[in-house]
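Asks: Provided below for reference: sequence and predicted model.
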Amino acid sequence: MAKGFFIDVQGTLICDEKREPISGAIEFIERLNQQNIPYVVITNNTKIKSADFLESLQQKGLNIKNYIDPFSLLTTLLKEKKIAAFGSAEFLEIMGSLGYELDYENPQALVVSIKKEYTNEDYALMIECAIKAKTCIGMHETSIYSKDGKRYPGVGAIMQMIQFATNKEYKVVGKPSFDFYNKAREMMGLDFEDITIISDDMIGDLLGAAKLNMKTCLVLSGKIKDENEVLPTLKKEEYPTFIGKNMQSVLELLNKGEI
């Protein structure tokens with residue numbers, strides 16, 4: 001039985017399409033609060049400032065006490081100031097507010113976040129900037145980006161493409177990097193083996209967590225709708241510890257003392 005939880009947001013607590021709480025999400029958070037069970041809501045949000053995103057979740061009825069996203073670690077990892085940043089308009093605006101200067105001619109660093117409308121021209125520019133830059137950074141390493149019922153390449157898939165094209169290594173700020181998970185772990189004061197992570201992203205979140213000896217819970221309410229979409233691609237030792245339809249299923253496991 002877990003002593004604490006990491007909980008993903010998109011596709012886990014919040015529906016990708018309607019942006020509303022998924023069945024059982026509000027109740028699960030409330031149960032953790034009532035029983036003083038340690039938890040951290042961990043998200044790869046890069047479109048809204050951290051405080052604003054947390055507030056938006058709370059306004060939806062999710063009484064979240066502990067929260068972390070990639071912006072919490074970014075400034076300690078990215079020291080270069082002239083960057084070629086790729087992502088939504090909101091992401092670029094936030095990067096400017098953090099003191100970074102956009103430079104696509106002679107960038108010191110390449111920084112990639114998520115955006116639905118990436119084109120081949122965008123990918124071509126990313127490759128050119130990666131070749132010039134000293135540092136390449138993915139804001140997170142999601143495998144798939146789910147939007148409007150469709151699945152697009154996540155930042156992890158894009159960074160893998162850039163690495164293959166340029167033979168340059170990259171760093172990851174958010175999930176599933178060790179620094180991100182470790183910062184969230186420190187917020188709870190637990191060891192990794194005492195934590196269960198709940199997410200809809202098997203490849204982008206759970207595999208990395210399992211390598212740190214966390215228990216893993218895959219919910220089928222987001223990127224993956226059927227466990228058979230992903231289980232055949234995994235080794236037996238990589239299988240999630242738990243699989244649930246949604247947070248309601250996870251809440252039932254918690255109430256039974258099985259997770």
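Replies: All right, it came through fine.
Asks: Now do Pro70 against Lys47, distance only.
Replies: 11 Å (CB to CB, to the nearest Å). From N, CA and C alone the C-beta is placed, and that goes for glycine too.
Asks: Neighbour count: these two, which is higher?
Replies: More crowded of Pro70 and Lys47, by other CB atoms under 10 Å: Pro70, with 25 against 17.
Asks: Surely that one and Asp179 touch.
Replies: No - in terms of CB atoms under 8 Å, Pro70 does not count as a neighbour of Asp179; the distance is 10.2 Å.
Asks: which stretches of the stretch 151-259 of the chain have low pLDDT?
Replies: Low-confidence segments of the stretch 151-259 of the chain (pLDDT under 70): none present.
Asks: about what we covered before: can you list residues touching both of Pro70 and Asp179?
Replies: Shared contacts of Pro70 and Asp179 (CB atoms under 8 Å, 6 or more residues apart in numbering): Val173.
Asks: Let me see the contact set for Val173.
Replies: Counting by CB under 8 Å, 6+ apart, Val173 touches Pro70, Leu73, Leu74, Leu77, Leu78, Ile137, Gly138, Met139, His140, Asp179, Phe180.
Asks: I would like the residues contacting the helix or strand hosting Phe28, please.
Replies: Here Phe28, judged by DSSP states H and E, is contained in helix 25-34. Contacting residues not belonging to helix 25-34 are listed as 5, 7, 12-14, 37, 39, 61-65, 246-248, 250-251, 254-255 [CB under 8 Å, 6+ apart].
Asks: Strands - which of these land there?
Replies: Judged by DSSP state E, strands contain the following of the contacts of helix 25-34: Phe5, Ile7, Tyr39.
Asks: wouldn't the last one be in contact with Ala2 here?
Replies: Read that as Tyr39. No - using CB under 8 Å as the test, Tyr39 is too far from Ala2 to be in contact (9.5 Å).
Asks: Can you tell me the SS state at the spatially most central residue of the chain?
Replies: For the chain, Asn44 is the residue whose C-alpha lies nearest the centre (CA atoms, centre = their mean; 3.5 Å). Three-state call for Asn44 (DSSP: H, G, I helix; E, B strand; the rest coil): coil.
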